[in-house]
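K.L.:
Give me a 3D structure for the following:
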Amino acid sequence: MEQRWAAMEIPVSGDAQEIVGALLTEAAGCYGYTATPQAVTGYLPVDERLENTLLRLREALDATPELGRPGSAEITIRFVAEEDWATAWKQYFKPQQIGERIVVKPTWEEYAPRPRDVIIHIDPGMAFGTGLHATTRLCLRALEDSVTSGMTVADVGTGSGILAIGAILLGATSAIATDNDPVAVRIATENVQLNEVDDRINVRESSFPPAGTFDIVVANILADVILNLKEELVNAIKPGGLLIASGIIENRAGNVRDGLKSVGLSIVETREEGEWVAILARKVG
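P.N.:
Take a look at the predicted model:
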């Protein structure tokens, strides 16, 4: 039977569109979003989780002051067939260069590689992480600047697996990628195999960083999740190792920096793109 999808449209314009888009992808778990000048639309499969997901999205919208008073952001739902959903978002996902060397290429698009290109082949399905979102771009650029040959990497909240794959293609020896969503774990595993790095990346279902310590830990999740996991994140970093934390809306950056400093991390750099922030912090000792 063909999968049906719920198209959730939220009327919003201007700078608030990126905020709503992030809530659709991160709070609701949508693949991503499409936008017109008047509204943003995200897509979810119609299954037994849909009702709870809509409640979670409603709570996230109400808790975002940039969108006005609680309850002011309306959600209109319509149901579409799988073919309509695929057409809606695939037309916006084209090969794109991120940083100096990284190129994110959807599996259905052609691309002529240049010398030194690091090409990540990606089919995100319903998992977050295409490179279209600012938080993913911030993390990929940070990895490009930080990964050196022989490093080990942990990717917490891996989504499509794009960051773990990028780290390996940039020269890391091995990576462990975790996500609490079994759909994301399946899609990340498929993308790891697609990029022929399955001998160096282990994808696991978990809400926590993997056991052991790593040269780089990347967590592209949400500010509150980063703060809730700060002890586990710092324990996963080798002495002298680096945390790349993103998925942080600008007005929460101070809270995250303070939280990371409270567990002994030294803030190295804060990077911004639009309303979004990535914080690079090092474990001293």
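K.L.:
the helices in the stretch 1-150 of the chain, which residues?
P.N.:
Applying DSSP state H, counting those that start in this stretch to the stretch 1-150 of the chain gives helices spanning 16-22, 50-62, 82-90, 134-146.
K.L.:
so where's the protein shaky on pLDDT?
P.N.:
1-3, 31-32, 82-83, 85-92, 124-129, 132 (pLDDT under 70).
K.L.:
Which residue ranges make up each domain of it?
P.N.:
Residue ranges for each domain of the chain read 4-90, 125-283, as given by automatic domain parsing.
K.L.:
now, of these, which is deepest in the fold?
P.N.:
domain 125-283 (a mean of 21; mean count of other Cβ atoms under 10 Å). Quick note: C-beta positions are derived from backbone N, CA and C, even for glycine.
K.L.:
Relative to the whole chain's centre, how far out is it?
P.N.:
9 Å (Cα atoms, centre = their mean, to the nearest Å).
K.L.:
looking at the helices of the stretch 1-150 of the chain, which is closest to S207?
P.N.:
helix 50-62 (15.4 Å; Cβ to Cβ).
K.L.:
Show me what that closest one is packed against.
P.N.:
strand 4-11 (3 or more Cβ pairs under 8 Å, 6 or more residues apart in numbering; DSSP states H and E).
K.L.:
Name every strand pairing with whichever strand in the chain runs longest and say which way it goes.
P.N.:
The residue-count maximum for a strand in the chain (DSSP state E) belongs to strand 237-249. According to DSSP bridges, strand 237-249 forms sheet pairs with strand 214-220 (parallel), strand 276-283 (antiparallel).
K.L.:
Against A142, how distant is the residue nearest to G161 when sequence neighbours are not counted?
P.N.:
Of all residues not flanking G161 in the chain, A188 sits nearest, at 3.2 Å (Cβ to Cβ, 6 or more residues apart in numbering). In this structure, A188 and A142 are 19 Å apart, going by Cβ to Cβ, to the nearest Å.
K.L.:
residue boundaries of the strands in the stretch 151-285 of the chain?
P.N.:
When assigned using DSSP state E, counting those that start in this stretch, the strands of the stretch 151-285 of the chain occupy the ranges 152-156, 174-179, 201-205, 214-220, 237-249, 265-273, 276-283.
K.L.:
and the direction of the first one versus that of strand 201-205, what angle?
P.N.:
Interaxial angle, strand 152-156 versus strand 201-205 (axes from the mean of the first three to the mean of the last three Cα atoms, to 10 degrees): 30 degrees.
K.L.:
Adding distance to E74, write the strands of the stretch 151-285 of the chain out as TSV.
P.N.:
Putting these into TSV (distance: least, Cβ to Cβ, whole Å) gives the following:
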stretch	distance to E74
strand 152-156	33
strand 174-179	30
strand 201-205	34
strand 214-220	29
strand 237-249	21
strand 265-273	28
strand 276-283	24
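K.L.:
For I98, which of these is the nearest?
P.N.:
Going by Cβ to Cβ, the one of these nearest I98 is strand 265-273, 10.8 Å.
K.L.:
How about residues contacting that closest one?
P.N.:
Here strand 265-273 makes contact (Cβ atoms under 8 Å, 6 or more residues apart in numbering) with 134, 137-138, 141-142, 234, 237, 242-243, 250, 253, 257, 260-261, 277-284.
K.L.:
so what's I248 up against?
P.N.:
Contacts of I248 (Cβ under 8 Å, 6+ apart): T135, L222, A223, I226, V256, W276, V277, A278, I279.
K.L.:
Pick out whichever of the residues you listed sits closest to A28.
P.N.:
Distances from A28 to these, taken by Cβ to Cβ, are shortest for L222, at 12.1 Å.
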